[in-house]
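Peer 1: Return atomic coordinates for the entry below.
(one chain, ligands or ions: 2)
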Amino acid sequence: MPPCHLITGGAGFIGSCHVLRSRTAGVRVVNLDKLTYSGNPENLAALRDDPDHIFVRGDIGNDELTAHLLEIHQPDAVINFAAESHVDRSIHDPDAFVRTNVLGTCALLRAALRYWKALPEDRRAAFRFLHVSTDEVFGALRPGDPAFAETTAYAPNSPYSASKAAGDHLVRAFHETYGLPTLITNCSNNYGPRQFPEKLIPLILCNALARKPLPIYGTGGNIRDWLHVEDHCEALSLVLEKGEPGRTYNIGGRSERTNLEVVRALCGILDRLRPHPDGPYADLIAFVADRPGHDFRYAVDCGRLERELGWKPRHGFEQGLEDTVRWYLDHQDWTDRVRNGEYRAWLETNYGGRRA
Ligand code: NAD
Ligand code: DAU
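Peer 2: Ligands and ions are numbered 1, 2, ... in the order given. Predicted coordinates for the structure are as follows:
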């Protein structure tokens, strides 16, 4: 029997990458996704005729559904990607983040615990619950501060990061209280194909190609630590295979860049690959009102993952960014389809009042 994983949020940006990689590795996948605005079945088009990818549209908060899926498919692991994931949306609607990232995670943990307790001893020992979280739970760094380590205290600043922190605490509590073999990963900013164009890199690419302003919050001096999504998923597989239950693992790219550096790099790549007669793309840069509570800097110390599990990112940032730009240039039909009415309404909500 091949291994079987229940993967939640597998139609989103990172989850779909992990589902595709899991199928290549021969893992049978039960993919539970609510298909919110950011979940896209098109991300999984390559698996349309694959009988070992079982897609179920549903909510991680529905514990009757998750209990049923666990019972009939008997997975060896649960990997929880499902979340509301965009900081700016959390500023406008925090409750949605509490529902999925806190209550949904708790409901999934409850169902997993009941299932795990009823497993025969050998399968109980091998079972894992892997919760995919973020470096944002650690708050913000100043220039020169040491990078976030697994021992850094939680200090979330946005409703998004507060909801992810609460989810992490519940995962930890289910390990400490009930013995559920959990693993938590805290990862930095991902980039790569199929990222919903509300996040910085795909938003800038879509706006640039449409000759719209490229909105930079504040001065553009905020720093993120960029990691290619494939490197993230490779790390997750290693943590699942070799990680010690009850522990957390930081995942980062060792690629700190200011937002302005990232946007300028994107413009430079577009100038080479898709020059525009009206002039360089950087002419479209527009500094707009800052994000409230905008975390200044994230940087992740992923030494534990490197030392203990032998992980190393394979993608350098400059090449990874160029590959990502090429993907978006080759898949403009994908972006056209996701930029529907809901997307346009979101742009108005988030950017309407943020004049340059
Ligand atoms: P995404 O928004 O692209 O995908 C989220 C997926 O979850 C979507 O397919 C959505 O339909 C699904 N979903 C949302 N609510 C659900 C619910 N209640 N039940 C079932 N499915 C639901 O997000 P992403 O960028 O792929 O992030 C995936 C995970 O990784 C999240 O937990 C996020 O917090 C974490 N993370 C993301 C990044 C990043 O840079 N994108 C970095 C670190 C950690
Ligand atoms: O650090 C990991 C986190 O990275 C994940 O947990 C989140 O799910 C993911 O969305 C991401 O959060 P950020 O807030 O860092 O990502 P975002 O792409 O929204 O923004 C990146 C930086 O760019 C941030 O400093 C805000 C800035 N920004 C963003 C947008 C959308 C702009 O300057 N202009 C914009 O229009």
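
Peer 1: Count the residues that sit near residue 279.
Peer 2: Look at residue 279: counted by other C-beta atoms under 10 Å, it has 10 neighbours. Heads up, the C-betas are built off the backbone N, CA and C, glycines and all.

Peer 1: er, residue 202 I mean
Peer 2: There are 24 residues near residue 202, going by other C-beta under 10 Å.

Peer 1: which residues sit in contact with it?
Peer 2: 195-196, 328, 335 (C-beta atoms under 8 Å, 6 or more residues apart in numbering).

Peer 1: which element follows the helix or strand containing it toward the C-terminus?
Peer 2: Counting by DSSP states H and E, the element that carries residue 202 is helix 200-209. Elements were assigned by DSSP H and E; along the chain past helix 200-209, the next helix or strand is strand 214-217.

Peer 1: for the record, mean pLDDT for that next one?
Peer 2: Computed over strand 214-217, the mean pLDDT rounds to 98.

Peer 1: what's in contact with it?
Peer 2: Contacts of strand 214-217 (C-beta under 8 Å, 6+ apart): 203-204, 207-208, 259-260, 263, 267, 281, 284-291, 294, 351, 354, 356.

Peer 1: Report the strands that pair with that strand, each with its relative direction.
Peer 2: Paired strands of strand 214-217, with direction, are strand 285-288 (parallel) (DSSP bridges).

Peer 1: which of the residues in the strand it pairs with are buried?
Peer 2: 285, 287-288 (16 or more other C-beta atoms under 10 Å).

Peer 1: One more: stretch 120-139?
Peer 2: 127-139.

Peer 1: Identify those among those residues that sit within strands.
Peer 2: By the criterion of DSSP state E, membership of the buried residues of stretch 120-139 in strands covers 128-134.

Peer 1: what's the host helix or strand of residue 124 packed up against?
Peer 2: Per DSSP H and E, residue 124 falls inside helix 121-126. For helix 121-126, there is no helix or strand it packs on, judged by 3 or more C-beta pairs under 8 Å, 6 or more residues apart in numbering; DSSP states H and E.

Peer 1: wait, residue 157 sits on residue 140?
Peer 2: Yes: assessed by C-beta atoms under 8 Å, residue 157 is found in contact with residue 140 at 6.3 Å.

Peer 1: so what sits against both of those two?
Peer 2: Both residue 157 and residue 140 are in contact with residue 295, where contact means C-beta under 8 Å, 6+ apart.

Peer 1: right, and residue 267 touches residue 208 too?
Peer 2: Yes: counting by C-beta under 8 Å, residue 267 does reach residue 208; the two are 6.8 Å apart.

Peer 1: if you count what's nearby, which of the two comes out ahead?
Peer 2: The neighbour count for residue 267 versus residue 208, taken as other C-beta under 10 Å, is higher for residue 208 (25 against 19).

Peer 1: OK, contacts around that one?
Peer 2: 214, 266-267, 270, 281, 284.

Peer 1: Local confidence estimate at it?
Peer 2: 98.

Peer 1: Check the gap between it and residue 236 for me.
Peer 2: 31 Å (C-beta to C-beta, to the nearest Å).

Peer 1: same deal with residue 321?
Peer 2: In terms of C-beta to C-beta, residue 321 sits 22 Å off from residue 236.

Peer 1: Which one's more surrounded, the two?
Peer 2: residue 236 (26 against 23).

Peer 1: Nothing else from me, thank you.
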